[in-house]
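J.: Curious how this folds, go ahead:
(one chain, ligands or ions: 1)
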Amino acid sequence: MKIIFLGAPGAGKGTQAEKIAELLSIPTISTGAIIRSAIKNGTEMGKAAIAYTESGKLVPDEVVIGIIKERLSEDDCKNGFILDGFPRTVPQAEALDNLGVAIDKVVDIDVDDSVIVERMSGRRLCEKCGASYHLKYIPSKDNKTCDKCGGNLIMRPDDKEEVVLDRLKVYHAQTEPLKDFYSKKGILRSVDGRGDIAAITASIIEVLRS
Ligand code: AP5
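T.: You can find the predicted model right below:
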């Protein structure tokens, strides 16, 4: 299956993508994670992207379209994939169409802005392996180090409240129109992204079957 996860920053796209990808044995492709890794490794793309991500703006379309084009050509994408965080603008969605990628389902994870701000303030990432935690909802054993590799847990620079509020504005202006784009194609499915993580996974499985 070729699936897109749509939703506001912090809606739970990454959390759910990881679970569904494991169930379906397909890779999850997060443009955000690819960009963060490029920033960490100091690549040319990373250097160009940092000012955008840290201020909550979108990285230019041509950069992310290039990332996706390259990633989708890899062998592990042959049997399907989950796109987490791409497309985020109508031109990105059109570029995906132009690449000849036939998406089966677009899952919109719906969460109110007020819930998002609380979620982001508690999110912590392992600086070594990138595993994602939440101080309250998905805590590591000591809330300081990663249970998987022992790396330090850090806050993403773009999870500061003022940046989150800007990211939400960008989401509503530039990404939300994609709901209409995919609704017209008849492949948009919405799930309530509030509450228990396992219950949300179950709702996603249900809409993927519909
Ligand atoms: P990206 O990394 O994609 O960030 P995002 O879309 O803003 O999404 P997040 O990763 O913040 O949230 P999520 O929905 O995955 O939530 P998560 O599961 O982690 O992008 C970062 C930046 O890169 C962008 O701002 C942009 O600059 C750039 N970029 C990336 N893609 C781009 C593109 N296509 N075009 C242009 N620029 C691009 O959950 C959040 C927290 O909540 C976690 O702590 C989690 O543990 C917790 N949580 C999850 N579900 C629940 C639940 N049900 N209950 C309680 N807590 C929960």
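
J.: For the residue of the chain found nearest the ligand, which non-adjacent residue is spatially closest?
T.: The chain approaches the ligand most closely through residue 32 (1.9 Å), counting by CB to the nearest ligand atom. C-betas here are computed from N, CA, C, even on glycine. Once flanking residues are discounted, residue 32 sits nearest to residue 85: 4.7 Å by CB to CB, 6 or more residues apart in numbering.

J.: Can you give me every residue that contacts that neighbour?
T.: Residue 85 makes contact with 5, 13, 14, 30, 31, 32, according to CB atoms under 8 Å, 6 or more residues apart in numbering.

J.: One more: residue 107?
T.: Contacts of residue 107 (CB under 8 Å, 6+ apart): 3, 4, 5, 6, 16, 189, 190, 191, 204, 207, 208.

J.: related to what we said a few turns ago, ok, the residue of the chain closest to the ligand - how many residues close by?
T.: 19 (other CB atoms under 10 Å).

J.: Let's verify it: helix, strand, or coil?
T.: helix (DSSP: H, G, I helix; E, B strand; the rest coil).

J.: which residue sits farthest out from the middle of this protein?
T.: Most distant from the centre of the chain: residue 142, at 25.8 Å, with distances by CA atoms, centre = their mean.

J.: How many neighbouring residues does residue 104 have?
T.: So residue 104, with other CB under 10 Å, has 11 neighbours.

J.: again with residue 100
T.: 6.

J.: Just confirm it is within a helix.
T.: No. Under three-state DSSP, residue 100 falls outside any helix and is assigned coil.

J.: Next, give phi and psi for the residue nearest to residue 32.
T.: Residue 85 has phi and psi values of phi 100, psi 10 when expressed as degrees, to the nearest 10.

J.: And it, how close does it get to residue 35?
T.: To residue 35, residue 85 is 9 Å away according to CB to CB, to the nearest Å.

J.: For residue 92, which non-adjacent residue is closest in space?
T.: Distance criterion CB to CB, 6+ apart; nearest residue to residue 92, sequence neighbours excluded, is residue 61 at 5.6 Å.

J.: for that neighbour, what are its contacts?
T.: 89, 91, 92, 95 are the contacts of residue 61 under CB under 8 Å, 6+ apart.

J.: What subset of those is buried?
T.: Neighbour-count burial within the contacts of residue 61 applies to 89, 92, 95; the criterion is 16 or more other CB atoms under 10 Å.
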